[in-house]
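*Asks:* For reference, the sequence and a predicted model appear below.
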Amino acid sequence: MKMKKIIFSLLSVAIIATIVNTSCKKTDEVPNSNVEKLSFESFEKYGSIHNDFLSNFKSEFDINPEITTVSDGIDYISQFNINFAMELDIDNVEKKALINSLEKHKRFLHTPEFYNELFVSSFKSTGESTGLYFESTEQAHNLGIIDDFEFNRINLIGQKVKDNHDGLISDYELKTIILQIKDEWIAKGYSIDSDNGHALAITLAISLASLEWWEENPDAFGDNQNGTKALPAWAAADVVGAGYSAVVAGIGSYSTTGEVNWGAVGIAACGGAVAGSTGIIGKAGKWLSGLF
């Protein structure tokens, strides 16, 4: 009789253990099912702000014929954009980050120099040319600001922008790649509480908004007189400017406080993208090129 009780007790323990184990496995099979996810739509505001800058610049900017030096020309355009930033209905922290970014990246207004700095001019000890774009993504990855997926995709965006600039892929192919990366980002299902996922989403949101703006404003590029929907090669400056600025702003925020203020980073990325493209819009681009 005692033996039967012992066997029954052991069976009961085994059954309970099996139930508990099965319950745990079922929970593990649906990870983060109740966790709120980052939505791509929450980042689209940065693309809208960026496009507002381009539209304002296209319609309102006037050349100052009294300016004859490169540095004064850059300062003049930069101040025009800063004045617009001061009028935006955003909080003071974001507004300060935006103005600082416009000032910090105003050198990007010189398009050829922008390209050289981000893709050509920096060299590793091995002699390999990487550019500041790829060096910055590597630094952000090492700090944990971006994860492996973001690191690979932000680098891919940079490489494809370079290929687009060099005539190796078309504007349509570039946009298709960016849309594909957006779908991949959505599929990742980043948690709203995660520090990862933000930098890539900011880059994608500004990039896609920018590409749409250039498609809708083909006359904004000074040399494009045929009214076609083709994107000028340097419209991609917005794309790489956004990626680089998002990463650099993230590094700066983390280095200062030990954490990242992604709202300020997103708005700072707008500043870098704006600086990368307003130097080529319409008569301003020709004027600035003439000063160089």
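*Replies:* Ah, there it is.
*Asks:* which regions of the protein sit below the pLDDT cut-off?
*Replies:* Counting by pLDDT under 70, the chain contains low-confidence residues at 1-34, 111-112, 121-130, 221-235, 292.
*Asks:* Show me the helices in the stretch 151-292 of the chain, by range?
*Replies:* Secondary structure of the stretch 151-292 of the chain, counting by DSSP state H, counting those that start in this stretch: helices at 171-188, 198-216, 237-257, 262-277, 282-291.
*Asks:* From Asp219, how far out is the residue nearest in space to the middle of the chain?
*Replies:* Ranked by distance to the mean C-alpha position of the chain (C-alpha atoms, centre = their mean), the top residue is Thr203 at 1.8 Å. From Thr203 over to Asp219 the distance is 27 Å, taken as C-beta to C-beta, to the nearest Å. (Glycine included, C-beta is placed from N, CA and C.)
*Asks:* gap between the two ends of stretch 117-135?
*Replies:* Here the two ends of stretch 117-135 are set 11 Å apart, with distance taken as C-alpha to C-alpha, to the nearest Å.
*Asks:* swap that for stretch 82-96, please
*Replies:* For stretch 82-96, the first and last residues are 10 Å from each other (C-alpha to C-alpha).
*Asks:* buried ones in that stretch?
*Replies:* Buried residues in stretch 82-96, defined by neighbour count with 16 or more other C-beta atoms under 10 Å: 82, 84-85, 94-95.
*Asks:* can you check stretch 35-48 too?
*Replies:* Applying a neighbour-count criterion of 16+ other C-beta under 10 Å, one finds 38, 40, 43-47 buried in stretch 35-48.
*Asks:* Turn the residues you listed into JSON lines, including secondary structure and distance to Ala242.
*Replies:* As requested, the buried residues of stretch 35-48 are arranged in JSON lines below (DSSP: H, G, I helix; E, B strand; the rest coil; distance: C-beta to C-beta, whole Å):
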{"residue": "Leu38", "secondary structure": "coil", "distance to Ala242": "17"}
{"residue": "Phe40", "secondary structure": "helix", "distance to Ala242": "15"}
{"residue": "Phe43", "secondary structure": "helix", "distance to Ala242": "11"}
{"residue": "Glu44", "secondary structure": "helix", "distance to Ala242": "13"}
{"residue": "Lys45", "secondary structure": "helix", "distance to Ala242": "13"}
{"residue": "Tyr46", "secondary structure": "helix", "distance to Ala242": "8"}
{"residue": "Gly47", "secondary structure": "helix", "distance to Ala242": "9"}
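*Asks:* quick revisit: so which of the helices of the stretch 151-292 of the chain gets nearest Lys162?
*Replies:* Among these, the nearest to Lys162 by C-beta to C-beta is helix 237-257 (7.9 Å).
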